[in-house]
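> Need a 3D model of the following:
(one chain, ligands or ions: 1)
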Amino acid sequence: MIIGIPKEIKNNESRVGMTPGGVFELTKKKHSVFIQSTAGEGSGFPDKLYTEVGAVIVDSIEEVYAKSDMIVKVKEPIAYEYPLIKSNQLLFTYFHFASSQTLTEAMIKSNSVCIAYETVEDEDGTLPLLTPMSEVAGRMAIQQGAKYLEKPIKGRGVLLGGVPGVPPGKVLILGAGVVGVQAAKMAAGLGAHVTIMDINMKRLRYVNDVMPSHVTTEFSSEYNIRKHIQTHDLVVGGVLVKGGKAPKLITRDMLKLMRPGTVVVDVAVDQGGCFETTKATTHEDPIYIIDDVVHYCVANMPGAVPYTSTLALTNVTLPYVLKLANTGWEAACEADATLAKGLNIVHGEIVYDGIAEAFA
Ligand SMILES: NC(=O)c1ccc[n+]([C@@H]2O[C@H](COP(=O)([O-])OP(=O)(O)OC[C@H]3O[C@@H](n4cnc5c(N)ncnc54)[C@H](O)[C@@H]3O)[C@@H](O)[C@H]2O)c1
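As a prediction, the model looks like this:
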């Protein structure tokens, strides 16, 4: 099969759809790979690394789309790319169709086959192509939170690890899923005292089993949240209600309970956020302050660490890219129910219930 990897042109997106290591596996199987010049540069992979493993570098995004049977990328195509997509072309990337009618209509019109990373779903309901980005965001939440706790960046002036003779900072994490557990791990590693909350007792039991004793689990309730935000320095929002908006666990009036300079990092911002005062920010302008509480609400946190994120993404997408390339999408989806869940739009028809419902 001929596989094309365009350079991401969405604002501030430096990740790339495939690492040189991934291309190596494809060319080993005699597939052809066309990659747009400098597509990997933002992630630390110069063209040379791709040519060394047999990829052909092409100058324009138009050429990548024109030459390829399958496009592998990171973000959904943007308007400039719509007319480049060929009828019957296979597109394997994040789409998030339900949030864009324009994109959905454009892909229907293109007569392409769209397999969305975000709906590839294992038997147990986990989303294997979303997990690595949650891992990145969970770990980053503590790195960012620790930074904004510094006084010159408007925080309380607390060092999360404390020092001998001074107690460590306190981190409250809402949600003990992928984001929450990774955040807890990083915060605990820094020496902070961590409280992690969930409504799922199985998750709390798991966290209690695997985390050190300075990570405390607590059932998520308004009463408990109101109590803890008065004493914690950093609050991380990592809740998810499948198929729904994030619940507003911290309302505007609750900010007054927090001490000035408390930092909140709402990782769940992409699902509307779990703080009433959340509004999406960007890496250029990541924070804002309400009632002396510093809010960090960047919607694409992994975009700030493209090297790590690209490697983490390719680790999980590559096995599917290989299946799709080796047998074609129909056989690959027939043989693999997890991958088949990723089918969103096929030759002009929406085949994923959630998207059909989103647009009635
Ligand atoms: N901002 C970013 O760049 C970025 C990156 C990756 C993921 N995310 C988002 O982070 C959020 C979390 O993702 P995840 O992969 O950890 O999801 P997950 O499904 O692994 O975990 C979510 C957890 O929230 C818990 N939860 C639900 N309601 C709750 C409540 N009322 N109180 C406490 N916990 C509750 C669930 O029981 C679950 O354990 C999602 O909204 C995801 O889209 C954002």
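> Can you show me the helices along the stretch 101-250 of the chain?
101-110, 131-148, 178-190, 201-210, 222-228 (DSSP state H, counting those that start in this stretch).
> Quick check: the residue most central in space within the chain vs the ligand, distance?
With distances taken as CA atoms, centre = their mean, Met133 lies nearest the centre of the chain, 3.5 Å away. Counting by CB to the nearest ligand atom, to the nearest Å, the separation of Met133 from the ligand is 4 Å. The C-beta positions use only the backbone N, C-alpha and C, and glycine is treated the same way.
> these two touch, right, that residue and Thr308?
No: look at Met133 against Thr308 with CB atoms under 8 Å: they stay out of range, at 10.5 Å.
> Need the pLDDT of Asn200.
At Asn200, the pLDDT value in this model is 97.
> oh, I was asking about Gly243
64.
> same check, this time on Ser43
For Ser43, pLDDT reads 96.
> Pass me the low-pLDDT residue ranges in the protein, would you?
Low-confidence segments of the chain, defined by pLDDT under 70: 243-244.
> cutoff 50 now
Within the chain, no stretch has pLDDT under 50.
> Quickly list the domain ranges of it.
Taking automatic domain parsing as the reference, the chain has its domains at 2-120+306-358, 134-304.
> Nearest to Thr126, out of those?
domain 134-304 (8.7 Å; CB to CB).
> So His347 is in contact with Asn111, correct?
Yes: His347 is in contact with Asn111 according to CB under 8 Å; the separation is 5.4 Å.
> Point me to the residue of the stretch 51-200 of the chain nearest the ligand.
Closest approach of the stretch 51-200 of the chain to the ligand (CB to the nearest ligand atom) occurs at Gly177, with a separation of 1.6 Å.
> what's the neighbour count on that residue?
18 (other CB atoms under 10 Å).
> In contact with it, which residues?
Neighbour list for Gly177: Ser134, Asp198, Arg203, Gly238, Val239, Leu240 [criterion: CB atoms under 8 Å, 6 or more residues apart in numbering].
> Spatially, which two of these are the most separated?
Ser134 and Asp198, at 14.5 Å, using CB to CB across those.
> re the thing from before, for the residue nearest to the centre of the chain, which non-adjacent residue is closest in space?
Pro302 (4.9 Å; CB to CB, 6 or more residues apart in numbering).
> quick one: the one you found and Gly138 touch, right?
No: Pro302 is not in contact with Gly138 according to CB under 8 Å; the separation is 10.4 Å.
> Which one's more surrounded, those two?
Neighbour count, other CB under 10 Å: between Pro302 and Gly138, Gly138 has more, with 27 against 22.
> so the more buried one touches Val179, yeah?
Yes: at 3.9 Å, Gly138 counts as touching Val179 under the criterion of CB under 8 Å.
> who touches both of the two?
Val236, Gly238, Val267.
> how many neighbours does Thr104 have?
Count around Thr104 with other CB under 10 Å applied: 22.
> nope, Lys279 is what I was after
13.
> got the CA coordinates for stretch 302-314 in CSV?
Coordinates of each C-alpha in stretch 302-314 appear next as CSV, following Å, rounded to 0.1, in the frame of the first residue of the first chain:
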residue,chain,number,x,y,z
PRO,A,302,0.4,16.9,24.6
GLY,A,303,1.1,19.4,21.8
ALA,A,304,3.7,21.1,24.0
VAL,A,305,5.8,17.9,24.2
PRO,A,306,5.7,16.7,20.6
TYR,A,307,8.7,14.4,20.8
THR,A,308,7.3,12.4,23.6
SER,A,309,3.7,12.6,22.3
THR,A,310,4.6,11.5,18.7
LEU,A,311,6.5,8.5,20.1
ALA,A,312,3.7,7.6,22.5
LEU,A,313,1.1,7.9,19.7
THR,A,314,3.0,5.8,17.1
